[in-house]
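[1] no sequence for this one, just the structure:
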């Protein structure tokens, strides 16, 4: 049993676990197991074995070692070349300081004669040496994979002059910043000077040599940090000049485009316009409170004020909501009532009577009485009212009232006033006056400002009946006559004359557009002509034939709404049809307001939807 245990114990102990000879005690008895020192097992390493061939590994090792040695050699050479250039720079600075002192008559620096040249050095130019400036370094070279010191003669013999310049140039380029532009050739980096210029008075002797003016030629061998910095500064200045020239060129192009915009922008209009879709309205009358019944007094006029329908009859002025219900009803006591509308107010007056009043959609703002019968009354966008009366002394006497009813301006003429049109700001107006002589009618246009007694413009007599004139946004004048349309300049000279071929049925004007509606000879269709004051060419911007008997024309935000006896059509200034609707022909009054058309017949008023 005991032998069996010993065998199992021996089997468990490996060869590496047996004790060494020095572990026996002095009695040559093995140390007990509890005191025996066993060798620790190292952990197994699962490293990837290098499967490369031994020759390849040795070649790669040599190549890596040689590359490291070459990098070390290049680094040492660069440092030695930098030291050499620093010595040259110091030497040049001392030469320049010596020259300055000699020229200024100050301290004299004694020139140290260079060592005598042997026959092999006769072609080397003279160089001024200073004892403390001689380079104190040696060259290093690579030989058989090792770095060894050398005096530099072997290297200079092995490398040609061109190769040496290339090495030095590379050392200079290595110090540049990565964002600096490289020079294209050697002449840009090292500009040539005129060389040495000798003073003719000091050309002879030691004095001449000591006062020699130094103008060196910058080459890779003589270049210094100062020279390179100057060239970099020049290159930076050149880049800035190029950028400035480009910016000035772009600015000139932009200024030219801006100044000529009025010439080329109109030619591009319409190029990118998409086709307009025409909205076809059904023309069905709306329900609710419509149709509105007309009272026995009869409605004499229908119009719109601030997109609200307004009617005038013999007893009152009525404002309506969109659904046809009454917003307000303001009575009057006029025998022949007439109204004129601006953006938010209405002036109602008694034709040939002596009273008028200004209304808004809720009540009466003020009312006035005149001393003479009223011939005409007009209201401007700012609430000013011009009232034309006839006196014993003047055929026309114009009185202007402000928004509160105070009298602010008067104007008189022996001509008969047939039209007044306020300017867009309401602080002036154009007055159309006529007179007759020898059976012919002559018209004169007056443009007045309410803060000036004299007329701003008085036109020459026009041999037609001028119905209305208006000031445009570019200080020209639209003039609508019974047989022609005219454009006048700021002083009243005629710029354009458009003669009608047929009778004028309706017209409308604002500060930019003027639209005319003429009938045909057969009166079965008409033609619309439109003018734009911003168009440099004095000709119609739109001419379009409209089917149906012409009835009325209205401008709305630059678009034209044309009414015939059977339809309502809308067009933009370029002639694109925006909307159309069919209507019945039994109406006597019509007006467009807020995407709806109101039709007044003899007994009722209907409304149809008309989206544009």
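    Received, thanks. Since the structure is predicted, the reported quantities are computational estimates derived from the model, not experimental observations.

[2] residue 498 pairs with what?
    For residue 498, the beta-bridge partners are residue 485 (DSSP bridges).

[3] and it, how many neighbours?
    For residue 498, the neighbour count with other C-beta atoms under 10 Å is 16. Using the backbone N, CA and C atoms, a C-beta is placed for each residue, glycine as well.

[4] check residue 323 too.
    If you count neighbours by other C-beta under 10 Å, residue 323 ends up with 11.

[5] any idea how far the closest residue to it other than its chain neighbours is from residue 320?
    Nearest residue to residue 323, sequence neighbours excluded (C-beta to C-beta, 6 or more residues apart in numbering): residue 288, at 5.2 Å. Residue 288 is 12 Å from residue 320, where distance means C-beta to C-beta, to the nearest Å.

[6] cool, residue 68 as well?
    101 Å.

[7] can you check residue 346 too?
    Counting by C-beta to C-beta, the separation of residue 346 from residue 320 is 13 Å.

[8] who touches both of the two?
    Common neighbours of residue 346 and residue 320, counting by C-beta atoms under 8 Å, 6 or more residues apart in numbering, are residue 310.

[9] now do the phi/psi pair for residue 232.
    For residue 232, the backbone dihedrals are phi -60, psi -40 (criterion: degrees, to the nearest 10).

[10] please report how far it lies from residue 240.
    Counting by C-beta to C-beta - residue 232 and residue 240 are separated by 13 Å.

[11] more neighbours: those two, which one.
    Neighbour count, other C-beta under 10 Å: between residue 232 and residue 240, residue 232 has more, with 16 against 10.

[12] thinking residue 312 is in contact with residue 301, fair?
    Yes. Shown here, residue 312 and residue 301 form a contact pair, counting by C-beta atoms under 8 Å, at 4.4 Å.

[13] need the residues touching each of those two.
    338, 339.

[14] of those two, which one has the most company?
    Neighbours were counted for residue 312 and for residue 301 using other C-beta under 10 Å; residue 312 has more, 20 against 16.

[15] now do the SS call for the more buried one.
    Three-state call for residue 312 (DSSP: H, G, I helix; E, B strand; the rest coil): strand.

[16] which ones are touching it?
    Residue 312 makes contacts with 299, 300, 301, 302, 303, 337, 338, 339, 348, as judged by C-beta under 8 Å, 6+ apart.

[17] give me the neighbour count for the second one.
    This means residue 300. Using other C-beta under 10 Å, residue 300 has 14 neighbouring residues.

[18] what pLDDT is listed against the nearest residue to it once chain neighbours are set aside?
    Residue nearest to residue 300 in three dimensions, not counting chain neighbours: residue 312, with 5.5 Å by C-beta to C-beta, 6+ apart. At residue 312, the pLDDT value in this model is 92.

[19] so what's residue 312 bridging to?
    Residue 312 has the following beta-bridge partners by DSSP bridges: residue 301, residue 317.

[20] so how far is residue 469 from it?
    As judged by C-beta to C-beta, residue 312 and residue 469 stand 26 Å apart.

[21] next up, the contacts around the closest residue to residue 550 other than its chain neighbours.
    Spatial nearest neighbour of residue 550, excluding adjacent residues (C-beta to C-beta, 6+ apart): residue 526 at 3.5 Å. By C-beta under 8 Å, 6+ apart, the contact set of residue 526 is 505, 517, 518, 519, 520, 545, 546, 548, 549, 550, 562, 564.

[22] and for residue 397?
    Per C-beta under 8 Å, 6+ apart, neighbours of residue 397: 372, 388, 389, 390, 391, 410, 411, 412.

[23] mind checking which helix or strand residue 57 is in?
    Per DSSP states H and E, residue 57 falls inside helix 54-103.

[24] what residues of stretch 470-482 count as buried?
    For stretch 470-482, burial by neighbour count (16 or more other C-beta atoms under 10 Å) applies to 470, 471, 472, 476, 477, 478, 479, 480, 481.

[25] sorry, slip of the keys, the one I care about is stretch 395-410.
    Quick answer for stretch 395-410 (16+ other C-beta under 10 Å): 395, 396, 397, 398, 399, 400, 401, 403, 409.

[26] between those, which is nearest residue 78?
    Nearest to residue 78 among those: residue 403, at 90.6 Å, using C-beta to C-beta.

[27] roughly how far apart are the closest one and residue 420?
    17 Å.

[28] quick one on the thing from earlier: of the contacts of residue 312, closest to residue 585?
    For those, the nearest to residue 585 is residue 302 (16.7 Å; C-beta to C-beta).

[29] is it true that that closest one touches residue 605?
    Yes. If you go by C-beta under 8 Å, residue 302 and residue 605 touch, sitting 7.0 Å apart.

[30] got any residues that touch both of these two?
    Counting by C-beta under 8 Å, 6+ apart, the common neighbours of residue 302 and residue 605 are 309, 311, 598.

[31] measure the last one to residue 610 for me?
    When C-beta to C-beta is the yardstick, residue 598 and residue 610 sit 10 Å from each other.

[32] overlap in contacts, the two.
    Listed as contacting both residue 598 and residue 610 by C-beta under 8 Å, 6+ apart are residue 592.

[33] before we move on, back to that, most neighbours, which of the contacts of residue 312?
    Compared across the contacts of residue 312, residue 348 has the highest neighbour count, 24 neighbours, by other C-beta under 10 Å.

[34] how about that residue, what does it touch?
    By C-beta under 8 Å, 6+ apart, the contact list for residue 348 reads 312, 317, 332, 334, 337, 338, 339, 356, 357, 359.

[35] and those as a markdown table, adding distance to residue 365 and secondary structure?
    Formatted as a markdown table, the contacts of residue 348 follow (distance: C-beta to C-beta, whole Å; DSSP: H, G, I helix; E, B strand; the rest coil):
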| residue | distance to residue 365 | secondary structure |
| --- | --- | --- |
| 312 | 17 | strand |
| 317 | 13 | strand |
| 332 | 14 | coil |
| 334 | 17 | coil |
| 337 | 17 | strand |
| 338 | 17 | strand |
| 339 | 14 | strand |
| 356 | 11 | strand |
| 357 | 8 | strand |
| 359 | 6 | strand |
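
[36] mind putting those residues into JSON lines with distance to residue 454?
    Below are the contacts of residue 348 laid out as JSON lines (distance: C-beta to C-beta, whole Å):
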{"residue": "312", "distance to residue 454": "37"}
{"residue": "317", "distance to residue 454": "37"}
{"residue": "332", "distance to residue 454": "37"}
{"residue": "334", "distance to residue 454": "35"}
{"residue": "337", "distance to residue 454": "35"}
{"residue": "338", "distance to residue 454": "31"}
{"residue": "339", "distance to residue 454": "32"}
{"residue": "356", "distance to residue 454": "27"}
{"residue": "357", "distance to residue 454": "31"}
{"residue": "359", "distance to residue 454": "33"}
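
[37] just give me the closest of these to residue 293.
    Comparing the contacts of residue 348 against residue 293 with C-beta to C-beta places residue 312 closest, at 16.2 Å.
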